[in-house]
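Trainee: below: sequence and its predicted model.
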2 protein chains.
Amino acid sequence: MNKYYIAKSRRLRSTPFTSRIENHGVTTYTTYNHMLLPASFGNLEKEYFHLKEHVQIWDVAGERQVQITGKDSTKLVQLMTCRNISKAKIGRCYYVPIIDEQGGMINDPIVLKLGENKWWLSLADSDVGLYAKGIASGLALQVEISEPDVNILAIQGPKSFKLMEKVLGKKITELKFFGFDYYTFKGNKFLIARSGWSKQGGYEVYVENRAAGQNLYDELFSAGKEFQVGPGCPNLIERIESALLSAGNDFDNGDNPFECGFDKYIDIESDINYLGKKALIKISKIGINRKLMGVLIDTDKIEVTEGIPLFSNNNIVGDLRSATYSPNLKKVVGIAMVKKEYWDKKTPIELKIGDKKSIGTLCDLPIA
Amino acid sequence: MNKYYIAKSRRLRSTPFTSRIENHGVTTYTTYNHMLLPASFGNLEKEYFHLKEHVQIWDVAGERQVQITGKDSTKLVQLMTCRNISKAKIGRCYYVPIIDEQGGMINDPIVLKLGENKWWLSLADSDVGLYAKGIASGLALQVEISEPDVNILAIQGPKSFKLMEKVLGKKITELKFFGFDYYTFKGNKFLIARSGWSKQGGYEVYVENRAAGQNLYDELFSAGKEFQVGPGCPNLIERIESALLSAGNDFDNGDNPFECGFDKYIDIESDINYLGKKALIKISKIGINRKLMGVLIDTDKIEVTEGIPLFSNNNIVGDLRSATYSPNLKKVVGIAMVKKEYWDKKTPIELKIGDKKSIGTLCDLPIA
């Protein structure tokens, strides 16, 4: 496949760490919430094995925060998601589907409850802040909605625990998965969550002070030498194997949360009030006839830039939305929206890329 | 400056013309409304001179449409903009600032009135559809909001009129600036507007049928040989000289429409109802103390990836937001948000890029 450059501009915002990751050899960007998000440092497979064995520092500032504060803030957050957040606790993270009134997916952020009336939505790639502003204006809610200058550094990989303990002290090791708390480094307080866009373990540091965050970045690299720390970014291979869904890739506004497999984050039983509840109740009664599944394909190369149809003979089985070669499984791994009649995974599938036909099988998510 | 690749994916959507512009030698993309938008075919200056002399075909499918239909559609469109659209006519385009309740800029689309209850908002780069959905849900408006599969082809440059006449017939030459109508090519109807993101004249074809649009694309190239037709895209040099503002570059949510020079699109006198009206009335009473202006800098190279402070001695004059070298003016031309005390354009300005200091002057917009 030919490669194309990215045209940088103020509109595709740089992060406080951009000059650092460029010194560290980033080669490829994507954009995420109108910001540069690193996509590779030149060798996706090497980065994949490194992530699974050591520790990486990621500039994921593109995961922008929508901050919602004020008397009606909890009401507004609940209005946007089908997950029941009425029992949410301060200091905890919640993965929530954001949907519209028709039940279509808008985003799948991590919601952080910072106070009784203070929430952050740590976004996938869409302007949820505008959705929130529209609802708040329409209902005259007493809220303030903003995008604070919070820039996340993720520390990911099995050795992230040792590295963070070395830099931030023993206390950080007590943090439970999807919990967050404040920790001090060189006199600056950082909100740190045990979370991240890999299944290899680690933390996300919500940097509120740019200079302090840059110092922390540098310290993580210097203290991390003994753990073979390296630069990195959300890794396409690892995230597909782990079924960390990507909004806009694996699902979009044409899909509902049942089709995405988000059943456990959908509350249609209790009396909570959210946009799209009626639509989801209706969908749950009728049932869905497609859902996201894993795909294994017997080939060694693929680049997905738009949905690729999967066939069984001449019948469409589904739509392949993300895929990449897994050096671990020695196959292409992918995520596809699959029709109900093929959910039993028994039907071999075919796809055509250019002139080349490949065959494969469906599987459950996560893949590996 | 180092160059970086873009990581293609389904999330950064390809357009119906992507394979064609890649065959035509596109080298650089930006992203726009979650879609690939070409940014260069390898030589910005050559493309600039070509655009000003001949005719270019642009894949600007990234200018996505928010379609708003239904009984309350006009009410909803008006709620989002400070421009009075109560007298808008079917078949006309309107440039409108979209603002939030605080008066902050969200977008600056072209609005097309397609019917009494049918509107398209041809967007700059932000998810205005989500803002519309939020307002509609909050106010329980009777509207349908969607992103139809409309992919714009722009035909720009002084010879665009001859080319379009050749391909679509004499009638297209009667279309007035910012008017639109339907024209037939090989049995397919196309909505065509006399508009475009350059000041060199031309048209935008709102392609609703992908295959028909691809045929039109091919025909424009084949019929355009005698006019030296070439591939192209919104040109950074031309758009800065012409002061075609870019949302996210020249202004963002922190700026209000007065500061952007949109005074003639602001109605605070009549009784129309829009979000942010109270805020704009308040701002108009207090007055603004910064606004967008042109900048001319005595240097031959610049790359703006974030705001660059402009100084006079050690005082901040403003924030340079877009800039590029103009081979026409033999200077760097730019757009900056400038403090009131410098609006008289008398103060020389300085800026520092890396170790290099440059000097320049402020000027009015458009620059050339």
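Mentor: Okay, I see it. Numbering: from 1, shown residues only, chains lettered A, B, ... in the order given.
Trainee: and what about whatever residue of chain A ends up closest to chain B, helix, strand or coil?
Mentor: Residue nearest to chain B within chain A: A:G138 (1.8 Å; C-beta to the nearest C-beta). In short, each C-beta sits where N, CA and C put it, glycine included. When classified by DSSP: H, G, I helix; E, B strand; the rest coil, A:G138 comes out as helix.
Trainee: OK, contacts around it?
Mentor: Taking C-beta atoms under 8 Å, 6 or more residues apart in numbering or on different chains as the criterion, A:G138 is in contact with B:G134, B:I135, B:A136, B:S137, B:G138, B:L139.
Trainee: list the contacts of the first one.
Mentor: Shown in contact with B:G134 (C-beta under 8 Å, 6+ apart): A:L130, A:Y131, A:A132, A:K133, A:G134, A:I135, A:A136, A:S137, A:G138.
Trainee: could you rerun that using 6 Å?
Mentor: A:Y131, A:G134, A:I135 (C-beta atoms under 6 Å, 6 or more residues apart in numbering or on different chains).
Trainee: that one: which element?
Mentor: In this assignment (DSSP states H and E), B:G134 forms part of helix B:128-139.
Trainee: that helix vs helix A:128-139, what angle?
Mentor: 30 degrees (axes from the mean of the first three to the mean of the last three C-alpha atoms, to 10 degrees).
Trainee: I'd like the average pLDDT over helix B:128-139.
Mentor: Mean pLDDT, helix B:128-139: 98.
Trainee: same check, this time on stretch A:33-47
Mentor: Stretch A:33-47 comes out at a mean pLDDT of 98.
Trainee: what's the answer for stretch A:322-329, then?
Mentor: 96.
Trainee: anything in it near chain B?
Mentor: No. Using C-beta under 6 Å from any C-beta of the partner chain, we find that stretch A:322-329 stays clear of chain B, coming within 6.8 Å at best.
Trainee: that stretch: which residues count as buried?
Mentor: Judged by neighbour count using 16 or more other C-beta atoms under 10 Å in any protein chain shown, the buried positions of stretch A:322-329 are A:S322, A:A323, A:T324, A:Y325, A:S326, A:N328.
Trainee: picking up where we left off before, give me the nearest residue to the residue of chain A closest to chain B, chain neighbours excluded.
Mentor: Take A:G138 and drop its neighbours on the chain: the residue closest to it by C-beta to C-beta, 6 or more residues apart in numbering or on different chains is B:G138, 1.8 Å away.
Trainee: any idea how far A:P109 is from that neighbour?
Mentor: If you measure B:G138 against A:P109 using C-beta to C-beta, to the nearest Å, the figure is 20 Å.
Trainee: cool, A:D250 as well?
Mentor: Using C-beta to C-beta, A:D250 is found at 15 Å from A:P109.
Trainee: now A:N33
Mentor: Distance from A:N33 to A:P109, counting by C-beta to C-beta: 11 Å.
Trainee: what touches both of these two?
Mentor: A:L123.
Trainee: and for A:K166, the neighbour number?
Mentor: Counted with other C-beta atoms under 10 Å in any protein chain shown, the neighbours of A:K166 add up to 16.
Trainee: next one: A:N2
Mentor: Counted with other C-beta under 10 Å, A:N2 comes out at 7.
Trainee: which SSE is the residue lying closest to it once chain neighbours are set aside in?
Mentor: Distances taken as C-beta to C-beta, 6+ apart put B:E22 closest to A:N2, at 6.6 Å, once the chain neighbours are dropped. Assessed by DSSP H and E, B:E22 sits inside helix B:18-23.
Trainee: who's the closest residue to A:I349 other than its chain neighbours bridged to?
Mentor: Nearest residue to A:I349, sequence neighbours excluded (C-beta to C-beta, 6+ apart): A:L310, at 4.6 Å. Bridge pairing for A:L310 (DSSP bridges) gives the partners A:G318.
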